[in-house]
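Novice: A predicted structure for the sequence below; I have some questions about it.
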Amino acid sequence: MTGSRQVVIVTGGAYGIGRGIVEEFASNGFAVVIADRDNERGEMLQGKMQESRLCTRFIQTDVRSEADIESLATRTVEEFGRLDVLCNNAGVERYRRPEEYTTEDWNTIIDTNLRAAFLTVKYCYLHLKSSRGSIVNISSVQAFANEKEISLYAASKAGIIALTRGMALDFARDGIRVNAVCPGIIHSGMLEPVLQNAADPEVALKAIGNTVPLGRIGQPADIAKAVSFLTSQSASYITGTTLVVDGGLLTRLST
């Protein structure tokens, strides 16, 4: 039990943006449940957080599994007695032309990025209603403007924004606020394939950063602080909105 300590679930919490969100909430005094399918990374992060006397608990979860999500919600409340914040962060992307995507690609991307957000809310709803809690869904700038060969990912992230709006309306009377954050280019796991294929990763990072109006690639902490704000009392009159955190990327005219 955590007493008065607030409790947050972060899906995809063991790495990249998710890890940044876990670290932000833990440093702010939350009890943080790290929900991730990667057992090694999850256990390592839990150990690191606990060494720093931060309250975290890793629960291995494949968000493509409805049974895993139901168990995640149940185990969280059994252990901590409450749930105040849900951050749907888990996501995957695959670069393909539309005709090259397979049905398996579609199922993996949609099940991980969109269906999982619906299911975690479904099974966490009553607990969040009890605490008059908050939900933040991680979308992407790809919901508004796209690179080439990323149509399925973009569709899933656009769906997250529509899901956020609908849930915000349906849950307003319950005192549950629902918002979305749209990251731009972030130095996280999804950037790894680009850097792995680069002759000089540092040069590639600098070049990518130069495409952003603020002149740098974002860090997981940039997204984490946006999520923290949206779930705080400072944002108590904000629901159904989408906060773009992209260093000005979407404001740039196409060239």
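Specialist: Nice, I can see it. Numbering: from 1, shown residues only.

Novice: quick one: mean pLDDT for stretch 143-161?
Specialist: Stretch 143-161 comes out with an average pLDDT of 96.

Novice: identify the residue nearest residue 183 in space, chain neighbours excluded?
Specialist: residue 223 (5.0 Å; CB to CB, 6 or more residues apart in numbering). Where C-beta positions appear, they are placed from N, C-alpha and C, glycine not excepted.

Novice: so residue 149 makes contact with residue 93?
Specialist: No: using CB atoms under 8 Å, residue 149 makes no contact with residue 93, being 10.2 Å away.

Novice: more neighbours: which of the two?
Specialist: residue 93 (19 against 14; other CB atoms under 10 Å).

Novice: excluding chain neighbours, what is closest to the more buried one?
Specialist: Nearest one to residue 93, counting by CB to CB, 6+ apart, is residue 153 at 4.1 Å.

Novice: show me what contacts the one you found?
Specialist: 92-94, 109, 113, 140, 142 (CB atoms under 8 Å, 6 or more residues apart in numbering).

Novice: do residue 72 as well
Specialist: 9, 33, 35, 59, 61, 120, 123.

Novice: tell me the bridge partners for the fourth one.
Specialist: With beta bridges defined as DSSP bridges, residue 59 has these partners: residue 35.

Novice: look up how far residue 46 lies from it.
Specialist: 10 Å (CB to CB, to the nearest Å).

Novice: determine how far stretch 214-229 lies from the middle of the whole chain.
Specialist: Centroid displacement of stretch 214-229 relative to its chain, using CA atoms, centre = their mean, to the nearest Å, is 12 Å.

Novice: now do stretch 246-255
Specialist: 22 Å.

Novice: okay, buried residues for that stretch please.
Specialist: Buried positions in stretch 246-255, judged by neighbour count with 16 or more other CB atoms under 10 Å: 246-247, 249.

Novice: not counting sequence-adjacent ones, nearest residue to residue 205?
Specialist: Here the residue nearest residue 205, using CB to CB, 6+ apart, is residue 217, at 6.2 Å.

Novice: quick one on the thing from earlier: wasn't the residue nearest to residue 93 part of a helix?
Specialist: Yes: assessed with DSSP: H, G, I helix; E, B strand; the rest coil, residue 153 lies in a helix.

Novice: and the end-to-end length of stretch 49-59?
Specialist: End-to-end distance for stretch 49-59: 14 Å, by CA to CA, to the nearest Å.

Novice: got a list of contacts for that stretch?
Specialist: Stretch 49-59 has contacts (CB under 8 Å, 6+ apart) with 2, 5, 14, 22-23, 26-27, 30-36, 42-43, 45-46, 71-72, 75-76, 79-80.

Novice: of these, buried ones?
Specialist: Among the contacts of stretch 49-59, those scoring as buried are 14, 22-23, 26, 30-36, 42, 45-46, 72, 76, 80 (criterion: 16+ other CB under 10 Å).

Novice: closest one to residue 86 out of the contacts of residue 153, please.
Specialist: Taking CB to CB as the measure, residue 86 sits nearest to residue 113 out of those, at 15.4 Å.

Novice: ok, that closest one to residue 52 distance?
Specialist: Taking CB to CB, one finds residue 113 at 31 Å from residue 52.

Novice: fine by me, we can end here.
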